[in-house]
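Enquirer: Sequence and computational prediction follow.
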Amino acid sequence: DFSLRLDALSAVMVFFVTFVGFLIHVYSVGYMQGESERGYARYFAYLNLFMFAMLTLVLGANLLVLFVGWEGVGLCSYLLIGYYFTQDWCAAAGKKAFVVNRIGDFGFLLAIFLAYKVFGTVDFGAIAAAIEADPGAYAGYLNAIGLLLFVGAVGKSAQLPLYVWLPDAMAGPTPVSALIHAATMVTAGVYMVARANVVYRHAPEAMLVVAVVGGLTAVFAATIGLAQNDIKKVLAYSTVSQLGYMFLGAGAGAFGAAIFHVFTHAFFKACLFLGSGSVIHALGGEQDMRRMGGLRRAMPTTYWTFLVATLALAGIPVFSGFFSKDEILGRVFAAGVGDLHGYGKVYLVLWVLGVVGAFLTAFYMFRAVHLTFSGSFRGDEATWHHVHESPGVMVWPLRILGVGSVVVGFVGVGKAASFGADINFFEHFLHPVAPAVELAHHPSLATEWVLILLSVSVAGLGIYLATRFYTGPQAMAVPQRIATNFPRLYRLVANKYYVDE
């Protein structure tokens, strides 16, 4: 049947897809002002089609309807990434996104065929009922279905090794980057894994693969972010890294925590991309942070909203990213201590990777903040004379997303952060659709507090080092020394490990 399903999981997705998507539409009115009439109309037609495809995806009641929306967002990403199709590199970036996603979608199609062969249906409710009734009867198939579904998620949500299309998706207009990275396409893979959670709960090996790929991607992409100079590229690798955290959470059986991070990430990542767009708009298209600096005074609203969203991304307490990222790290540690499916040691290693990723995230994001807004302007004199705060139609979405980056975390406060009170509204809301995997025993409240203090300290260290390296009279001296003393390592990271080559 072409049927739609609105439950707790799709409701969460529909809420932030439409809310953040609406703000991006409003922002686009100002950002795309200089386009020709035909280009302007084409842009908004694609943007609306993108929203339609994403809503079809999250509301689909079976794998087939979900797949129609899944292919729709793939098509729209191709059209919007290649929006400036007269420039070769933009057209190539659109093709790259399309081709890489074809690889993932091949796996997803095979998963649909196999699910239909095994269950005789592709309806989520019917599949869940069949598995819950007799898990043993399908044991041989569930790992295969879970792994094939995950191949699709790896393509759509840019995980190793199919992450290569996402940084090139920067070729489209900046609001498109915000839409792809925050509200639509890349979150689809995490949503699909959470939607199929009944398969993964009975397929321990497939769940472990999800966690391992997520953990490795989180750190791998974060290392690349350390040496990027294009402001949008830094944010792109940050997205790849944060998606890794979401899969790490799902792979540890914490499906609610993974979706909570999708939810908070939508607000602060949209705010960061639209903030970078505001900077690029003011500098007449300049994206290289080495030719920025000192914009804090000229663009106060952009600066403060960008800073708030960066604090959320770095996982600093009271900001939304702190609650969702710590929930994931706590669950991964618990899976390690509770020896989930007998793979406890692997989960503990993944937890260590997650903490390392938290340090790298805080460092490269504050590097971006300081290079863009601190110190003095490093571009040419003529550009500086034109620098001004963006118009209201662009600034108001930033303010709203900035407030969201602070407040949305409070709907999912974990037990440790609330001193033992069970007030995690988000998890309770999702529980009927995406319950967490039960563990043999949980870490004590004291242990959880130690974990929280550790991850916050690690993020604080990253912020401190970035501030030391990139501000003050000695700004850039240490990074330049590192680049000079370790030229091969620096070139390797700056050239993204030569994966594209």
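Expert: Yep, that arrived. What you see is a predicted model; the values in this text were computed from it and never measured.
Enquirer: which residues touch residue 475?
Expert: Counting by C-beta atoms under 8 Å, 6 or more residues apart in numbering, residue 475 touches 370, 374, 375, 469. Any C-beta I mention is one placed from the backbone N, CA and C, and that applies to glycine too.
Enquirer: Surely the third one is in contact with residue 290?
Expert: Same thing as residue 375. No - under the contact definition of C-beta atoms under 8 Å, residue 375 does not touch residue 290, with a separation of 11.6 Å.
Enquirer: Which one of these two is surrounded by more residues?
Expert: Set residue 375 next to residue 290 and count neighbours by other C-beta atoms under 10 Å: residue 375 wins out with 19 against 12.
Enquirer: residues contacting that one?
Expert: 293, 294, 471, 475.
Enquirer: Now with 10 Å, please.
Expert: Shown in contact with residue 375 (C-beta atoms under 10 Å, 6 or more residues apart in numbering): 292, 293, 294, 295, 296, 470, 471, 472, 473, 475, 476.
Enquirer: And for the residue lying closest to the last one once chain neighbours are set aside, the neighbour number?
Expert: In space, not counting the residues next to it along the chain, residue 476 is nearest to residue 470; the distance is 6.7 Å by C-beta to C-beta, 6 or more residues apart in numbering. Residue 470 is surrounded by 23 other residues when neighbours are defined as other C-beta under 10 Å.
Enquirer: repeat for residue 442
Expert: For residue 442, using other C-beta under 10 Å, the count is 16.
Enquirer: What of residue 300?
Expert: Neighbour count of residue 300, defined by other C-beta under 10 Å: 12.
Enquirer: Not including adjacent chain positions, what is the nearest residue to it?
Expert: Residue 300 sits nearest to residue 389 (C-beta to C-beta, 6+ apart), 7.0 Å away.
Enquirer: returning to that earlier point: looking at the contacts of residue 475, state which has the most neighbours.
Expert: Going by other C-beta under 10 Å, residue 370 tops these with 22 neighbours.
Enquirer: was I right about residue 340 contacting residue 347?
Expert: Yes - between residue 340 and residue 347 there is a contact under C-beta atoms under 10 Å: 6.1 Å.
Enquirer: Give me the common contacts of these two.
Expert: Both residue 340 and residue 347 are contacted by 208, 211, 251, 252, 253, 331, 332, 334, under the criterion C-beta under 10 Å, 6+ apart.
Enquirer: Keep only those of those residues that are in strands.
Expert: Among the shared contacts of residue 340 and residue 347, DSSP state E puts none in strands.
Enquirer: quick one: which of the residues you listed is nearest to residue 397?
Expert: For the shared contacts of residue 340 and residue 347, the closest approach to residue 397 (C-beta to C-beta) belongs to residue 331, at 32.3 Å.
Enquirer: Can you tell me the closest non-neighbouring residue to that closest one?
Expert: The shortest distance from residue 331 to any non-neighbouring residue, by C-beta to C-beta, 6+ apart, is to residue 254 (3.6 Å).
Enquirer: which residues touch that neighbour?
Expert: For residue 254, the contact set (C-beta under 10 Å, 6+ apart) comprises 248, 260-261, 327-328, 330-332, 334-335, 427, 434-437, 439.
Enquirer: and if you look at residue 180?
Expert: Listed by C-beta under 10 Å, 6+ apart, the contact set of residue 180 reads 50, 73, 76-77, 80-81, 97, 158, 166, 169-170, 172, 186-187, 236, 239, 273.
Enquirer: one step back: from the contacts of residue 475, which has minimum pLDDT?
Expert: Across those, the smallest pLDDT goes to residue 375, namely 85.
Enquirer: May I have the phi/psi pair for that residue?
Expert: phi 70, psi -150 (degrees, to the nearest 10).
Enquirer: Residue 431 versus that one, what's the distance?
Expert: From residue 375 across to residue 431, the span is 48 Å (C-beta to C-beta, to the nearest Å).
Enquirer: Same question for residue 51.
Expert: From residue 51 to residue 431 the distance is 28 Å (C-beta to C-beta).
Enquirer: go on, residue 208?
Expert: Distance of residue 208 to residue 431, given as C-beta to C-beta: 23 Å.
Enquirer: what distance separates stretch 36-50 from the centre of its chain?
Expert: Taking the mean of its C-alpha atoms, stretch 36-50 sits 25 Å from the chain's own mean (C-alpha atoms, centre = their mean, to the nearest Å).
Enquirer: What average pLDDT does it get?
Expert: If you average the pLDDT over stretch 36-50, you get 91.
Enquirer: Likewise for stretch 378-388?
Expert: For stretch 378-388, mean pLDDT is 86.
Enquirer: now what about that stretch, what contacts it?
Expert: Stretch 378-388 is contacted from outside by 279, 281-286, 288-295, 297-299, 371, 376-377, using C-beta under 10 Å, 6+ apart.
Enquirer: Buried residues in the helix or strand where residue 488 lies, which are they?
Expert: Using DSSP states H and E, residue 488 sits within helix 487-494. Residues of helix 487-494 classed as buried: 490, 493 (neighbour count, 16 or more other C-beta atoms under 10 Å).
Enquirer: With stretch 392-404 instead?
Expert: Neighbour-count burial for stretch 392-404 flags 394, 395, 396, 397, 398, 399, 400, 401, 402, 404 (criterion: 16+ other C-beta under 10 Å).
Enquirer: Reformat those residues as a markdown table; add secondary structure.
Expert: Output for these, formatted as a markdown table (DSSP: H, G, I helix; E, B strand; the rest coil):
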| residue | secondary structure |
| --- | --- |
| 394 | helix |
| 395 | helix |
| 396 | helix |
| 397 | helix |
| 398 | helix |
| 399 | helix |
| 400 | helix |
| 401 | helix |
| 402 | helix |
| 404 | helix |
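Enquirer: Please produce TSV containing the residues you listed, extended by pLDDT and distance to residue 90.
Expert: Shown next, in TSV, are the buried residues of stretch 392-404 (pLDDT from 0 to 100; distance: C-beta to C-beta, whole Å):
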residue	pLDDT	distance to residue 90
394	91	22
395	93	27
396	94	29
397	94	24
398	94	25
399	95	30
400	96	29
401	95	26
402	95	30
404	94	30
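Enquirer: Which one of those residues is nearest to residue 63?
Expert: The closest of those to residue 63 turns out to be residue 404 (C-beta to C-beta; 31.7 Å).
Enquirer: For that closest one, which residues are in contact?
Expert: Residue 404 sits next to 16, 19-20, 23, 264, 266-268, 270-271, 308-309, 312, 320 when contact means C-beta under 10 Å, 6+ apart.
Enquirer: and the residues you listed, which of them are in helices?
Expert: Under the assignment DSSP state H, the contacts of residue 404 contribute 16, 19-20, 23, 264, 266-268, 270-271, 308-309, 312, 320 to helices.
Enquirer: got a markdown table for these, with pLDDT, distance to residue 107 and neighbour count too?
Expert: Formatted as a markdown table, these follow (pLDDT from 0 to 100; distance: C-beta to C-beta, whole Å; neighbours: other C-beta atoms under 10 Å):
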| residue | pLDDT | distance to residue 107 | neighbour count |
| --- | --- | --- | --- |
| 16 | 92 | 27 | 21 |
| 19 | 94 | 31 | 17 |
| 20 | 93 | 28 | 25 |
| 23 | 94 | 33 | 25 |
| 264 | 95 | 28 | 28 |
| 266 | 94 | 25 | 28 |
| 267 | 94 | 30 | 29 |
| 268 | 94 | 30 | 31 |
| 270 | 94 | 29 | 31 |
| 271 | 95 | 33 | 30 |
| 308 | 96 | 38 | 25 |
| 309 | 96 | 33 | 31 |
| 312 | 95 | 33 | 31 |
| 320 | 93 | 32 | 30 |
